[in-house]
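Asks: Okay, structure incoming, though there's no sequence with it:
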């Protein structure tokens, strides 16, 4: 158990706050991981259950399901190895993940920034504390609006005011934005990284199953955000120091010479407020980058299409078989159209059959002359000339069969 430095007011306030935040983040990231990964802990039992379930499902797949290919088997073995390394091996996890997330951003910043930003000796936290001490000293000295001499012929007086903020108010807000921007951004980035590192034993188990693989991807993206955020915040603070340090040195020197600096409060307020907003905006922008789903991809064109960008109508080549899968709405519309055509064809066939069997002779009779129709009605029908009109009985049959 390490003892983090206590926060005291005074000259080393900002430095103690930064060291305390780093100490708490290191304690949460390292000791939290070791507490969750030790045998018998809740996370260890959960990981054991997840591994057992994964092996059981793989065995059932071998027995009853489709036989997995060699690629699937190798992929599953790699997943088990990665999970065991991340969840239960602290030396490997510290080398591969922990040190990269915690110490990697500082090395990257040292390599990419301009040498002029690191020209002074000392750590970044020490330089931030020195700038804060200079701001406090300048606030105590004041602007010299009423008591100081004019600089370069400028006039000072009680009636002069560049903005609605008074000198003491502007100095106070300037230092507040300076401290709040630094501490707020460091708390967000460092605590997020420490919490994700501590939850690594639980996050590693999410890689085993398809349904929970998105949680593991989110864990990786969170670590990526913390790394990118640390780099961005360090760069922004170095640029802010490159502006504040010479400005504070010049303002302090002018006041020590007895001259007035009436514009210094608003300048300090503008610098500190702008960089505080820039730090938060940088974290938001990097979060959008880290949690992006992927690069925008355009649909692939089939081979044989014309490549002229100025031709609005492009036809596929006749040698290329372009298969277009219709949508569900198009399939439903085609089915309805087929049914309607079938019904229309059925109605048309019924009408034609009816006209042939019943309606045709009537039309022909109506077209003939009236005398010819009457003669045909009086003539007997074919086969009815000698047809019996009275029903025969058995007595007639017996009389016919008796000999004469």
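Replies: It's in. Fair warning: this is a prediction, and the values are worked out from it, not measured in the lab.

Asks: tell me the SS of residue 68?
Replies: When the structure is split into helix, strand and coil by DSSP: H, G, I helix; E, B strand; the rest coil, residue 68 lands in coil.

Asks: And it, how far from residue 82?
Replies: The gap separating residue 68 from residue 82 is 18 Å, by Cβ to Cβ, to the nearest Å. C-beta here means a position set from N, CA and C on the backbone, and glycine is covered the same way.

Asks: tally of neighbours for residue 348?
Replies: 10 (other Cβ atoms under 10 Å).

Asks: and if you look at residue 28?
Replies: Using other Cβ under 10 Å, residue 28 has 18 neighbouring residues.

Asks: ok, now residue 289?
Replies: Other residues lying near residue 289 total 11 when counted by other Cβ under 10 Å.

Asks: Need the nearest residue in space to it, chain neighbours excluded.
Replies: Once flanking residues are discounted, residue 289 sits nearest to residue 228: 7.0 Å by Cβ to Cβ, 6 or more residues apart in numbering.

Asks: Point out where the protein drops to low pLDDT.
Replies: Low-confidence segments of the chain, defined by pLDDT under 70, span residues 1-2, 119-122, 146-164, 294-324, 349-404.

Asks: helices and strands around the lengthiest helix in the chain, which ones?
Replies: Longest helix in the chain by number of residues (criterion: DSSP state H): helix 213-256. Packing partners of helix 213-256 (3 or more Cβ pairs under 8 Å, 6 or more residues apart in numbering; DSSP states H and E): helix 99-112, helix 124-141, helix 167-198, helix 200-205, helix 264-290.

Asks: and residue 93, which of those is closest to it?
Replies: The minimum distance between residue 93 and these falls on helix 200-205, with 6.4 Å, by Cβ to Cβ.

Asks: Against which helices or strands is that closest one packed?
Replies: Identification of packing neighbours for helix 200-205 by 3+ Cβ pairs under 8 Å, 6+ apart yields helix 32-37, helix 42-63, helix 70-88, helix 213-256.

Asks: The last one to helix 70-88, inter-axis angle?
Replies: Put simply, helix 213-256 runs at 50 degrees to helix 70-88, going by axes from the mean of the first three to the mean of the last three Cα atoms, to 10 degrees.

Asks: Off-centre distance for helix 213-256?
Replies: Mean-position distance between helix 213-256 and its chain equals 25 Å (Cα atoms, centre = their mean, to the nearest Å).

Asks: Residue 72 versus the closest residue to residue 245 other than its chain neighbours, what's the distance?
Replies: Here the nearest residue to residue 245 in space, its sequence neighbours aside, is residue 131; by Cβ to Cβ, 6+ apart that works out to 6.1 Å. According to Cβ to Cβ, residue 131 stands 58 Å off from residue 72.

Asks: Comparing these two, which residue is more hemmed in?
Replies: For residue 131 versus residue 72, neighbours defined as other Cβ under 10 Å are more numerous around residue 131 (20 against 13).

Asks: ok, now which ones touch residue 53?
Replies: Contact criterion Cβ atoms under 8 Å, 6 or more residues apart in numbering gives no residues in contact with residue 53.

Asks: actually residue 37, sorry about that
Replies: 43, 44, 87, 88, 90, 201.

Asks: Tabulate the residues you listed (JSON lines), appending neighbour count.
Replies: Formatted as JSON lines, the entries for these read as follows, by neighbours: other Cβ atoms under 10 Å:
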{"residue": "43", "neighbour count": "21"}
{"residue": "44", "neighbour count": "16"}
{"residue": "87", "neighbour count": "25"}
{"residue": "88", "neighbour count": "18"}
{"residue": "90", "neighbour count": "14"}
{"residue": "201", "neighbour count": "25"}
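
Asks: Just name the most buried of the helices and strands packed on helix 213-256.
Replies: Greatest average neighbour count among those goes to helix 200-205 (a mean of 22), per mean count of other Cβ atoms under 10 Å.

Asks: Please enumerate residues in contact with that one?
Replies: Helix 200-205 is contacted by residues 33, 36-37, 43-44, 46-47, 50-51, 82-83, 86-88, 93, 97, 196, 212, 215-216, 219 when judged by Cβ under 8 Å, 6+ apart.

Asks: Out of those, which end up buried?
Replies: Among the contacts of helix 200-205, those scoring as buried are 33, 36-37, 43-44, 47, 50-51, 83, 86-88, 93, 97, 196, 216, 219 (criterion: 16 or more other Cβ atoms under 10 Å).

Asks: what helix or strand is residue 143 on?
Replies: Residue 143 belongs to no helix or strand when elements are defined using DSSP states H and E.

Asks: please renumber so the chain begins at 160
Replies: Understood, numbering begins at 160; the last thing we discussed is residue 302.

Asks: Tell me how many other residues crowd it.
Replies: Residue 302 sits with 24 neighbouring residues when counted by other Cβ under 10 Å.

Asks: I figured it hits residue 426, correct?
Replies: No. Counting by Cβ atoms under 8 Å, residue 302 stays clear of residue 426, with 10.8 Å between them.

Asks: Grab the nearest non-local neighbour of residue 182.
Replies: Using Cβ to Cβ, 6+ apart and skipping residues adjacent in sequence, the residue nearest residue 182 is residue 163, 3.7 Å away.

Asks: Confirm that neighbour sits in a helix?
Replies: No. Under the criterion used here (three-state DSSP), residue 163 is coil, not part of a helix.

Asks: got a list of what it touches?
Replies: Contact analysis of residue 163 by Cβ under 8 Å, 6+ apart lists 178, 179, 182, 183, 186.

Asks: of those, buried ones?
Replies: Neighbour counting by 16+ other Cβ under 10 Å classes 183, 186 among the contacts of residue 163 as buried.

Asks: Columns distance to residue 420 and secondary structure on top of the contacts of residue 163, output as JSON lines?
Replies: Written out in JSON lines, the entries for those read as follows (distance: Cβ to Cβ, whole Å; DSSP: H, G, I helix; E, B strand; the rest coil):
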{"residue": "178", "distance to residue 420": "32", "secondary structure": "helix"}
{"residue": "179", "distance to residue 420": "34", "secondary structure": "helix"}
{"residue": "182", "distance to residue 420": "38", "secondary structure": "helix"}
{"residue": "183", "distance to residue 420": "39", "secondary structure": "helix"}
{"residue": "186", "distance to residue 420": "44", "secondary structure": "helix"}
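
Asks: gap between the nearest residue to residue 408 once chain neighbours are set aside and residue 506?
Replies: Nearest residue to residue 408 in three dimensions, chain neighbours excluded: residue 293, at 7.4 Å (Cβ to Cβ, 6+ apart). As judged by Cβ to Cβ, residue 293 and residue 506 stand 97 Å apart.
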